[in-house]
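> dropping a prediction and its sequence here:
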Amino acid sequence: MSNTVSSFLTQDHRDCDDRFAALENSVASENWIEVEKVFASFFSDMQHHFDMEEKVMFPAFESKTGMTGGPTQMMRMEHQQMLQILGQMKCDIEKKDKEHFFGLSETLMMLMQQHNMKEEQMLYRMADQHLGADTSLVISQMKELERA
């Protein structure tokens, strides 16, 4: 049961990591039709995760703490970096450029690991402390958010 921001969003990180591994496996097998489907699913999962944070959790955290220029601003910038890399990976998939794809996927993996660690060890814990009684509302709003 996800009754904290930390547990809910950390589980979503793990789910995205699993999809990322599936994407790398399908690129390695060069089944490009499958790759396109797996990439679309992974991209959708990542965008949904960013939306849950940027449209629901970050604004709730910022309104409780008054911190708008701190950790949430840095996380938004990192989300943009990851989306740019994902856009380049999509081009590699269209060109069936496995080598370049894996160069980018290595970069993305490092970014994701560092980003997730900062969120899980710092930001989510801060959110759990500051959101207090609003935590369950924030989690249900994140769950209700439509996928793009």
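The structure has been received and is ready for your questions.

> contacts for stretch 119-127 next, please.
Contact with stretch 119-127 is made by 4-6, 9-10, 13, 53, 57, 60-61, 65, 71-72, 75, 138, as judged by Cβ atoms under 8 Å, 6 or more residues apart in numbering. In short, each C-beta sits where N, CA and C put it, glycine included.

> where does this structure have low pLDDT?
1-2, 148 (pLDDT under 70).

> quick one, strands of this protein?
Per DSSP state E, the chain carries no strands over any range.

> what ranges does it have for its helices?
When assigned using DSSP state H, the helices of the chain occupy the ranges 5-29, 32-51, 58-65, 71-95, 98-118, 124-131, 135-144.

> could I get the ones you listed as a markdown table with mean neighbour count?
Shown next, in a markdown table, are these (neighbours: other Cβ atoms under 10 Å):
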| stretch | mean neighbour count |
| --- | --- |
| helix 5-29 | 17 |
| helix 32-51 | 17 |
| helix 58-65 | 18 |
| helix 71-95 | 15 |
| helix 98-118 | 15 |
| helix 124-131 | 19 |
| helix 135-144 | 16 |
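
> check the gap between residue 5 and residue 33 for me.
Distance, residue 5 to residue 33, using Cβ to Cβ, to the nearest Å: 38 Å.

> what's the answer for residue 43, then?
Counting by Cβ to Cβ, the gap from residue 43 to residue 33 is 16 Å.

> please apply the same query to residue 47.
From residue 47 to residue 33 the distance is 22 Å (Cβ to Cβ).
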